[in-house]
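Undergrad: below are the sequence and a predicted model for it; my questions follow.
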Amino acid sequence: MPKQTQGPARRVVVGVDGPECSTSALRWAMAYAQLTDATVEAITTWQNPEMYTYSYGWVPGVIDLGDIAASIQKNLDEVVANESERLDRPVEVLARVVEGHPAEVLLAAAAGAQLLTVGTRGHGTFAGILLGSVSQHCVQHAPCPVVVVPE
C-alpha cells in the first residue's frame, strides 16, 4: 500500500478490551497507521457496575469510579506500550478510557475517522456468532469502513 501524505489528519480508531483478539486488532491498526501516517485512537470502554449493599434495605453501594477508570487506563497504556515495542518505527497512539456501551462509544469515536478496527472472539460458524455483538453492531452501523481482525 503506498504511503499517503496529503489531506486531513488520518485517524484510525481501534477498540481494545483486553483479550488477545483486541490486542490483534490494536497490532493491525498500528501497522496500518504506519503505512498511512495515521494516528491511532485506542479506546477501552467500561460501564458503571451497579452494586447494592444491605443497610436497612438494599441501597446502592459506594465505589470510587475514578479508581476504576485509572486502573483501566493503566492496563490500556501497558497494552499500547507492549504493542509499540513491536513496531520498527513509532506511531502516535492516543489511548482513551471512555465510560459507556462499547459499540456506542466506538461508533461515536469513529465519526470522521479513516477506519474503525475491532477484534472478534466469536467461536461459531454464523456471522452473528462469529463476530460477536459489538463487532457486528460496528460493522452494521459505523460511519466509516470497519476492519474486523480475528484472533
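TA: Cool, got the structure. Numbers count the residues shown, from 1 in each chain.
Undergrad: thought Ala42 was touching Ala109, still the case?
TA: No: counting by C-beta atoms under 8 Å, Ala42 is not a contact partner of Ala109; they are 10.1 Å apart. (Glycine included, C-beta is placed from N, CA and C.)
Undergrad: the worst-scoring helix or strand of the chain on mean pLDDT: what's the following helix or strand?
TA: Taking mean pLDDT, DSSP states H and E as the measure, the helices and strands of the chain show their lowest mean at helix 127-131, namely a mean of 51. Downstream of helix 127-131, the next assigned helix or strand under DSSP states H and E is helix 133-141.
Undergrad: how far off centre is the following helix or strand past that following helix?
TA: Where DSSP H and E defines the elements, the next helix or strand beyond helix 133-141 is strand 146-149. With C-alpha atoms, centre = their mean, to the nearest Å as the basis, strand 146-149 stands 11 Å off its chain's centre.
Undergrad: list every C-alpha atom in strand 146-149, with coordinates, as PDB.
TA: Taking Å, rounded to 0.1, in the frame of the first residue of the first chain, the C-alpha atoms of strand 146-149 are listed here in PDB:
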ATOM      1  CA  VAL A 146     -14.600  -1.300   9.500                       C
ATOM      2  CA  VAL A 147     -11.800  -3.900   9.700                       C
ATOM      3  CA  VAL A 148     -12.600  -7.000  11.900                       C
ATOM      4  CA  VAL A 149      -9.400  -8.700  12.900                       C
END
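Undergrad: please name every helix or strand in contact with that strand.
TA: helix 20-36, strand 115-119, helix 133-141 (3 or more C-beta pairs under 8 Å, 6 or more residues apart in numbering; DSSP states H and E).
Undergrad: to Lys74, which of these lies closest?
TA: helix 20-36 (15.9 Å; C-beta to C-beta).
Undergrad: show me what the following helix or strand past that closest one packs onto, helices and strands only.
TA: Next helix or strand after helix 20-36 toward the C-terminus (DSSP H and E): strand 39-46. Strand 39-46 sits against strand 11-15, helix 20-36, helix 65-84, strand 93-99, helix 102-110, with contacts defined as 3+ C-beta pairs under 8 Å, 6+ apart.
Undergrad: give me the sheet partners of strand 39-46 and which way each runs.
TA: strand 11-15 (parallel), strand 93-99 (parallel) (DSSP bridges).
Undergrad: good, we can wrap up now.
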